[in-house]
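Chemist: sequence-free structure coming up:
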């Protein structure tokens, strides 16, 4: 019982850390350009992963898969970080949770039958919820940040589906794969970061602390903790706990960021959380009644924020 509670606490901590990443990224982009924030996040993560994998080099398959996934992951983080810079952290955390219902639509490999109608009803609830979130105080054009987060959810779902297909064909070690992805991201964001090198070098301690938190806690720690915990509990329980990420994003955005919801946006938030949980439950039940298949990322159907 004690071990089970410890595992639950680790998973809940991962969800809290991921939920807080949106406010951390938003505040970091106030001090630095988005691409510089991404370079610093990737570079710090790559250094940490390099230390952890010292002496255990990636295989050829891990290097090839990691390079491809590093590009798609970088695309996700560009959209996410630009998105959260132009919307609230709470909205960002809620909208990105659409990945949970979008991924099963894109990942139809493994001979599974068509998704049940209930799943698409849940997805419809999520679409309505996003519309309410974007409307804010009433009918108006959605903010650019909300649209970018919506695009990030679509691209992230594609990234997770691609990850599942590639890792199903080749055995890979999670840490080595992550090390390659962070190295690729560092290289991709190095050129634009060089143009703003003075701004990064002149950043204060608070900004560096936010960057380190994004890299070491929201990326490296969260990934390793998730990998450790999901092997010690059921997929359903892990999915339930990790699925609280958008709830923590709202709590951190409102509690620490001073953000506020209108009644309409609050209804949208409640519907989105309910819709994603419902869709997740329907997809999980559907998956367990079909021939077994490798899950999208070897973990419950909750998408990581991290590099």
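Modeler: Great, that's in hand. In this text the structure is predicted, and so the values were computed from the model without any measurement.

Chemist: so after the longest helix anywhere in the chain, what's the next helix or strand?
Modeler: Secondary structure of the chain per DSSP state H: the longest helix is helix 2-31. Where DSSP states H and E defines the elements, the next helix or strand beyond helix 2-31 is helix 34-52.

Chemist: list the buried residues of that next one.
Modeler: Buried positions in helix 34-52, judged by neighbour count with 16 or more other C-beta atoms under 10 Å: 34-49. Every residue, glycine included, has its C-beta placed from N, CA and C.

Chemist: what is the mean pLDDT for that helix?
Modeler: In this model, helix 34-52 has a mean pLDDT of 95.

Chemist: OK, contacts around residue 115?
Modeler: Applying C-beta atoms under 8 Å, 6 or more residues apart in numbering to residue 115 gives the contacts 104, 105, 282, 283, 286.

Chemist: which among those residues gets closest to residue 149?
Modeler: Minimum distance to residue 149 across these is 18.0 Å, recorded for residue 105 (C-beta to C-beta).

Chemist: check what pLDDT the closest one gets.
Modeler: Note on residue 105: pLDDT of 82.

Chemist: ok, now how distant is it from residue 157?
Modeler: Per C-beta to C-beta, to the nearest Å, residue 105 is found 8 Å from residue 157.

Chemist: following the helix or strand bottoming out on mean pLDDT in the chain, which helix or strand shows up next?
Modeler: Lowest by mean pLDDT, DSSP states H and E among the helices and strands of the chain is helix 235-242, with a mean of 72. Using DSSP H and E, the next helix or strand after helix 235-242 towards the C-terminus is helix 245-255.

Chemist: any weak-confidence spans in the stretch 201-307 of the chain?
Modeler: The model of the stretch 201-307 of the chain has pLDDT under 70 over residues 230, 234-236, 290-307.

Chemist: go again with 90.
Modeler: The stretch 201-307 of the chain contains residues with pLDDT under 90 at 201-202, 219, 222-247, 250, 254, 256-269, 271-273, 275-307.
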